[in-house]
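1. what follows is a protein structure lacking sequence information:
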């Protein structure tokens with residue numbers, strides 16, 4: 001996909017950089033969104049069976065997903081800046097062209113996903129870990145909050161994909 005989209009408007013070494021950046025962007029988005037689907041499924045199943053083994057498995061899963069999430073978000077931001085340079089050109093085009101305005105919508109949805117992810121990592125998961133040790137039965141409410149946040153991230157991610165689908169058919173701001 002990266003080799004057939006907007007990255008093909010460049011030539012030479014710029015094309016190579018744009019294709020690599022686009023590919024990294026797509027892989028990072030796929031890892032984050034694909035991971036959210038799996039995580040959401042596991043959280044839905046979590047309320048059905050309780051036990052120390054499952055709790056430790058969930059704790060390990062959340063820690064691993066968090067590490068992958070950091071890498072995915074960093075890659076999305078870095079590759080997004082590079083792709084933005086090639087497709088937008090300058091900050092004024094971001095707000096003055098239809099492509100740029102729709103990209104701002106995508107960035108707003110991404111910011112919402114990021115806000116939920118930060119809330120999960122620094123508020124919900126620590127509270128969940130605390131309730132597991134202090135009040136094992138109280139962890140259900142925190143697990144439900146985490147599940148709702150993950151579902152919210154999934155919904156926002158789906159909306160990002162819809163916006164990206166439209167952006168793929170539009171002329172980039174650099175050409176307007």
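-> Arrived safely. From a predicted model like this one, the values you see are computed outputs, not experimental measurements.
2. could you use CA atoms for every contact and neighbour count after this?
-> Noted.
3. and the closest residue to residue 176 other than its chain neighbours, how many residues sit next to it?
-> Counting by Cα to Cα, 6 or more residues apart in numbering, residue 176 lies nearest to residue 97, which is 7.3 Å off, once chain neighbours are set aside. Using other Cα atoms under 10 Å, the number of residues around residue 97 comes to 18.
4. looking at it, residue 97 is touching residue 173, isn't it?
-> Yes: contact criterion Cα atoms under 8 Å: residue 97 and residue 173 qualify, at 6.0 Å.
5. give me the residue at the spatial middle of the protein.
-> The centroid of the chain falls nearest to residue 32 when counting by Cα atoms, centre = their mean (4.9 Å).
6. surely that one meets residue 74?
-> No: with contact defined as Cα under 8 Å, residue 32 does not reach residue 74; the gap is 11.2 Å.
7. in the chain, which spans are helices?
-> 12-46, 52-87, 91-96, 98-119, 125-134, 139-167 (DSSP state H).
8. tabulate those (JSON lines), appending mean pLDDT.
-> Converted to JSON lines, those look like this (pLDDT from 0 to 100):
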{"stretch": "helix 12-46", "mean pLDDT": "91"}
{"stretch": "helix 52-87", "mean pLDDT": "87"}
{"stretch": "helix 91-96", "mean pLDDT": "92"}
{"stretch": "helix 98-119", "mean pLDDT": "97"}
{"stretch": "helix 125-134", "mean pLDDT": "81"}
{"stretch": "helix 139-167", "mean pLDDT": "93"}
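9. measure residue 110 to residue 32 for me?
-> 11 Å (Cα to Cα, to the nearest Å).
10. what do the two both touch?
-> Between them, residue 110 and residue 32 share no contacting residue under Cα atoms under 8 Å, 6 or more residues apart in numbering.
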